[in-house]
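> sharing a model prediction with you, sequence too.
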Amino acid sequence: MKMLPDFSPFLSSWSGTGPRVGVVMSHGFTGSPHSVRPWAEHLAAAGCAVRLPLLPGHGTTWQDMATRSWREWHRAVDDAYLELANECDYVFAAGLSMGGTLALRIAATRPVAGTVVVNPGLVLDDPRAVIVAALKYVVKTTPAIANDILKPDQDEGAYARTPVAAAHQLKKMYKDTASLLPRISSPVLVYKSTVDNVISNASLEFLRSRVQASVDINYLHNSRHVATLDNDAPEIFAGTADFIHKTVAALAEHGPSPEKDTAHEQA
């Protein structure tokens, strides 16, 4: 039975034992928290404090999204990180697709304990990306590639049309974030679908070439792009919880928690 998409943000308080652990999460481009809500709920059930904001211009209309800057998307996730940093001993970043890009950006600009990304984007393969800055004045929208999901009866809650102006913002965010990747110093766990009709392997190879910290890649053979709603979702959820547990245990044993940073990035 197909569930109606839930566009509302998700948050939970810490309820575990030991160090207080938080996870800031992000959904993808033109999508909503619905696409990663089960992931957030799993981590909340494991005791983590979770913040999953609705990115500006999402969950409303494509016309609204066309007026938004990528810096607004980043700020929403960064604000959520700062909330968790004030409450928790350790904060992790996580995201799907463009949400993975935002999670990597947080990892490069804030002292996160670790990062988990699912089919993250860093490279725009569409040949129209070269002229997208001019194209947005001629073509307002293009058909969206939504619901790239192998499992039946799933709906990620994405827009049916993609605003070209927003695609231009995505391109600018990819470029800016790419320059920051070498700053990431904490471990990164990557889940990549072997068949992904939205993000090609070029983004994964770029990530692997630029991130100097530990990068662990796990391939998903029974899911498409929106893997957090697909057949391999249980593997992602359990693997994320295990990654968080092991990373926190190692940090607690070998050193102090990451330094709290409450100043906004001046980007």
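Yep, it's here.
> going by C-alpha atoms from here, please, whenever you check contacts or count neighbours.
Will do.
> ok, which stretches of the stretch 101-250 of the chain are helices?
Assigned by DSSP state H, counting those that start in this stretch, the stretch 101-250 of the chain shows helices spanning 132-135, 164-178, 201-210, 233-254.
> where among those is average confidence lowest?
Among these, helix 132-135 carries the lowest mean pLDDT, at a mean of 52.
> can you put the helices of the stretch 101-250 of the chain in JSON lines and add mean neighbour count and distance to residue 13?
Below are those laid out as JSON lines (neighbours: other C-alpha atoms under 10 Å; distance: least, C-alpha to C-alpha, whole Å):
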{"stretch": "helix 132-135", "mean neighbour count": "16", "distance to residue 13": "41"}
{"stretch": "helix 164-178", "mean neighbour count": "20", "distance to residue 13": "29"}
{"stretch": "helix 201-210", "mean neighbour count": "16", "distance to residue 13": "31"}
{"stretch": "helix 233-254", "mean neighbour count": "16", "distance to residue 13": "16"}
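> and the ones you listed: which comes nearest residue 65?
helix 164-178 (6.5 Å; C-alpha to C-alpha).
> below-threshold pLDDT in the stretch 51-200 of the chain: ranges please.
126-139 (pLDDT under 70).
> quick one, strands of it?
90-96, 114-118, 141-143, 161-163, 188-193 (DSSP state E, counting those that start in this stretch).
> would CSV of these with mean neighbour count be doable?
Shown next, in CSV, are the strands of the stretch 51-200 of the chain (neighbours: other C-alpha atoms under 10 Å):
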stretch, mean neighbour count
strand 90-96, 28
strand 114-118, 27
strand 141-143, 14
strand 161-163, 21
strand 188-193, 23
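> switch those strands over to CSV; also include distance to residue 45.
Output for the strands of the stretch 51-200 of the chain, formatted as CSV (distance: least, C-alpha to C-alpha, whole Å):
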stretch, distance to residue 45
strand 90-96, 16
strand 114-118, 18
strand 141-143, 37
strand 161-163, 34
strand 188-193, 20
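> which one of the ones you listed lies nearest to residue 14?
strand 90-96 (11.3 Å).
> now do that closest one: which elements does it pack against?
With contacts defined as 3 or more C-alpha pairs under 8 Å, 6 or more residues apart in numbering; DSSP states H and E, the packing partners of strand 90-96 are strand 21-26, helix 70-87, helix 98-109, strand 114-118.
> that's all I had, so thanks and see you.
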